[in-house]
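Engineer: fold the following for me, if possible:
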Amino acid sequence: THTHVLVANVTYHEGKAYSLSNERLMQLRTTADAVYKNSLAERLQEQGHGLEYDGRGNFELKAYDKDARDQFSKRSEQIKEALAEYGHIPENASYEARQAATLATRQEKGENHSESAEAHRDRWQAEAKSVGIERAEKVNPKDLKSDVTAAQIIDSAMSSVADREQVFQKKDLVREAMHQ
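Structural biologist: Numbers count the residues shown, from 1 in each chain. Now for the predicted structure:
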């Protein structure tokens, strides 16, 4: 799951602009990410898309196998290759090593480069068609509903966090619950 979000570092009070202190945002970044991914997954399932989870809060559309997804994961491959060149095992690389590889392999964007989906949609659809990827078939959202209750999710999250940490904060429990 890959989404870009911009948060402006500004707030206004009585017509005057002030910058925000972002320490708390950074403390809650992984929790906010887990909540966002959980909400996105819920909306996709409401629309009839089946999902496959990896146990860390990430998911993929069930309708597309790994080969189909890899057709559109070129940046991931570039980063993995760079990590290997730097002597890192990609799956075990630290955040700092991944960031360095990401920045080292990033191509400069031209003056007329557009990041919008609209600007790329025709190219993406042609590429998908050329490798035999069809539009995902949807299922009845009722077939995707789980019988797991909120209480069971919280119990499981508490157990999971308590197995790893003796002391934890509410944000840790929320993040873990989103991964359940």
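Engineer: contacts, neighbours, all on C-alpha from now
Structural biologist: OK.
Engineer: ranges for the helices of the chain?
Structural biologist: 23-27, 29-46, 66-70, 74-85, 95-105, 117-130, 150-164, 170-179 (DSSP state H).
Engineer: quick one: buried residues of the longest one?
Structural biologist: Which is helix 29-46. If you call a residue buried by 16 or more other CA atoms under 10 Å, then helix 29-46 has these buried ones: 31-32, 34-35, 37-38, 41-42, 44-46.
Engineer: ok, now the last one?
Structural biologist: By neighbour count, and taking 16+ other CA under 10 Å as the criterion, the buried residues in helix 170-179 are 172-179.
Engineer: with stretch 139-157 instead?
Structural biologist: Within stretch 139-157, the residues scored as buried using 16+ other CA under 10 Å are 153-154, 156-157.
Engineer: tell me which of these is nearest to residue 109?
Structural biologist: Lowest distance from residue 109 to these (CA to CA) belongs to residue 157, with 42.1 Å.
Engineer: my guess is residue 171 contacts residue 29. True?
Structural biologist: No: using CA atoms under 8 Å, residue 171 is not in contact with residue 29, being 9.8 Å away.
Engineer: residues near residue 89, how many?
Structural biologist: Per other CA atoms under 10 Å, the neighbour tally for residue 89 reads 13.
Engineer: for it, what are its contacts?
Structural biologist: Residue 89 makes contact with residue 83, according to CA atoms under 8 Å, 6 or more residues apart in numbering.
Engineer: which residues of the chain score low on pLDDT?
Structural biologist: Along the chain, the parts satisfying pLDDT under 70 run over 1-2, 110-115.
Engineer: can you put the buried residues of helix 29-46 in a markdown table and add distance to residue 65?
Structural biologist: Putting these into a markdown table (distance: CA to CA, whole Å) gives the following:
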| residue | distance to residue 65 |
| --- | --- |
| 31 | 28 |
| 32 | 28 |
| 34 | 23 |
| 35 | 25 |
| 37 | 20 |
| 38 | 21 |
| 41 | 17 |
| 42 | 20 |
| 44 | 17 |
| 45 | 17 |
| 46 | 21 |
